[in-house]
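Trainee: Return atomic coordinates for the entry below.
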Amino acid sequence: MLVEFKLETKKCASCGKQMIREDKSGLFPQWRYENQESQMKERGVVFCSTSEIDDDYICVECEAAGKASITCALCGEKKPSSKNQESFGDPAVYLCTDCYEKVPAKEWDAKVEELRESHRWDFE
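Mentor: Have a look, this model is predicted:
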């Protein structure tokens, strides 16, 4: 039996393609030609990444092309995702490579410990 239903998508903040999260619940069949990826490809839908541009999510294709941005939790500046030194939690909080290179180690370590503590239960 084939049943059709609506599935909510979001628009990629970079390229405008429709995106959905990867299904790990088993909602999509696992048959060779009818799995989630094949159905998405047929309809022009892509996977959503965990990266953002101006607080809007982007697709995995734009993420791979380096179009994402992060906001550093230490300096508060928006940087390209290539400047990500370390991330914590879900949703992720980032520390940038510029701060890693310039901030005293004591200050860096204190921020890392603070972020680890505040996000320690995010994946439980």
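Trainee: all contacts plus neighbour counts: C-alpha atoms, from now on.
Mentor: Will do.
Trainee: how close does the residue most central in space within the chain get to residue 31?
Mentor: Nearest to the mean C-alpha position of the chain, counting by CA atoms, centre = their mean, stands residue 50 at 0.7 Å. According to CA to CA, to the nearest Å, residue 50 and residue 31 sit 27 Å apart.
Trainee: Who are the contact partners of residue 67?
Mentor: By CA atoms under 8 Å, 6 or more residues apart in numbering, residue 67 lies in contact with 14, 53, 80, 81.
Trainee: contacting residues around the longest helix anywhere in the chain?
Mentor: Of all the segments assigned as helix in the chain under DSSP state H, the longest by residue count is helix 105-118. If you take CA under 8 Å, 6+ apart as the criterion, helix 105-118 is touched by 74, 88, 89, 93, 99, 100.
Trainee: mind listing what the residue nearest to the centre of the chain touches?
Mentor: 57, 58, 91.
Trainee: Give me the next element, helix or strand, following the host helix or strand of it.
Mentor: Assessed by DSSP states H and E, residue 50 sits inside strand 45-53. On the C-terminal side of strand 45-53, the nearest following helix or strand under DSSP H and E is strand 56-59.
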